[in-house]
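Engineer: Build the 3D model from these lines:
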Amino acid sequence: MADTTTTNLGLVQPEVGSSDDTWGTKINSDLASIDALFDGTGASLAVDHGGTGATTASGARTSLGLGDAATGTIGTDVQAYDATLTSLAALGTAADKLAYTTGVDTWAEAAITSFGRSLIDDADAAAARTTLGLGTIATVAAPSGTVVGTTDTQTLTNKTLTNPTISDGLVVDTETMPANAIDPANGLVQSKTLSSNSTFTDSLADGESVVLLIDDGSAYTITWPTITWLSGGGSAPTLQTSGNTVVHVFKVGSTLYGNAVNGA
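Structural biologist: Numbering: from 1, shown residues only. Okay, here's the model as predicted:
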């Protein structure tokens, strides 16, 4: 029979009774193969042959890249098992994701956009308002109701103006007098074009006033309510035949006064 070899290392097994004068050579060859598995220290299996190339635990960790040869302590030089890291490692991870905790050692992911990142990296509230494009009104406590812009129209109800300043060039809209009632609710300055002879009524309260711009139409006339005229010698004005007759009407107490700015 021929020589056989070992299963794992392929060492020669001389045939018993048939390897005369060759035993020594074959055994020496096997011993050399075994010796080559170890490094120069003589007692350590080389790393490239599955060993650590070291004779001590710390040396083995160093050879395997597991820590300082002097200490080589798990938890100091090598990260020990940690539930938080395990939970983080289980996250899918993708672009535009943010990791957050849902419990002790438990992590999850949420979407976060580039805009969201630009907001949370702001150092303070002022920087965040700039990112959001908010003006100074964002820091002002607004009264109840709808906040309006500086050029919007707003109706003030039950408001007190303390020492208001009115700039030059104040423009007051002229409203059309909707009926024959002298009523400041329809505007401080009202225009009226007569379409017939008309009777005006008094709807003013104490301290209220209205300026009327009256076009007599086709020479129509007005019957006024009880009124004390301060112009025209105490008589109601004769309406202008061309253009508007301007009449200022106001009430003091229960007395209604009238003053024709033009007209006879």
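Engineer: and the helix ranked longest in the chain, how far from the chain's centre?
Structural biologist: Criterion DSSP state H: the longest helix present in the chain is helix 23-35. Average the C-alpha atoms of helix 23-35, do the same for its chain, and the two points are 79 Å apart (Cα atoms, centre = their mean, to the nearest Å).
Engineer: just stretch 254-264 next, same as before
Structural biologist: Stretch 254-264 has its C-alpha centroid displaced from the chain centroid by 59 Å (Cα atoms, centre = their mean).
Engineer: what does that stretch contact?
Structural biologist: Here stretch 254-264 makes contact (Cβ atoms under 8 Å, 6 or more residues apart in numbering) with 202, 204, 206, 224-232, 236-240, 245-251. To be clear about C-beta, it is placed using only N, CA and C from the backbone, and glycine gets the same treatment.
Engineer: Swap in 6 Å and give it another go.
Structural biologist: Residues outside stretch 254-264 that contact it (Cβ atoms under 6 Å, 6 or more residues apart in numbering): 202, 227-232, 237-238, 240, 245-250.
Engineer: Show me where the stretch 1-150 of the chain has its strands.
Structural biologist: Assignment of strands within the stretch 1-150 of the chain using DSSP state E, counting those that start in this stretch yields the ranges 4-5, 12-13, 97-103, 106-111.
Engineer: closest one to residue 117 among the ones you listed?
Structural biologist: Set against residue 117 and scored by Cβ to Cβ, the strands of the stretch 1-150 of the chain come closest in strand 97-103, at 8.6 Å.
Engineer: Next one, pLDDT for residue 2 please.
Structural biologist: We note a pLDDT of 79 for residue 2 in this prediction.
Engineer: Without its sequence neighbours, what residue ends up closest to it?
Structural biologist: residue 15 (6.3 Å; Cβ to Cβ, 6 or more residues apart in numbering).
Engineer: Could you report the distance from that neighbour to residue 26?
Structural biologist: For residue 15, the distance to residue 26 (Cβ to Cβ, to the nearest Å) stands at 10 Å.
Engineer: What of residue 208?
Structural biologist: 131 Å.
Engineer: what's the answer for residue 187, then?
Structural biologist: Distance from residue 187 to residue 26, by Cβ to Cβ: 125 Å.
Engineer: And for residue 127?
Structural biologist: Taking Cβ to Cβ as the measure, residue 127 falls 83 Å from residue 26.
Engineer: With neighbour numbers in mind, choose between the two.
Structural biologist: Neighbours per residue (other Cβ atoms under 10 Å) separate residue 127 from residue 26, with residue 26 holding more: 16 against 12.
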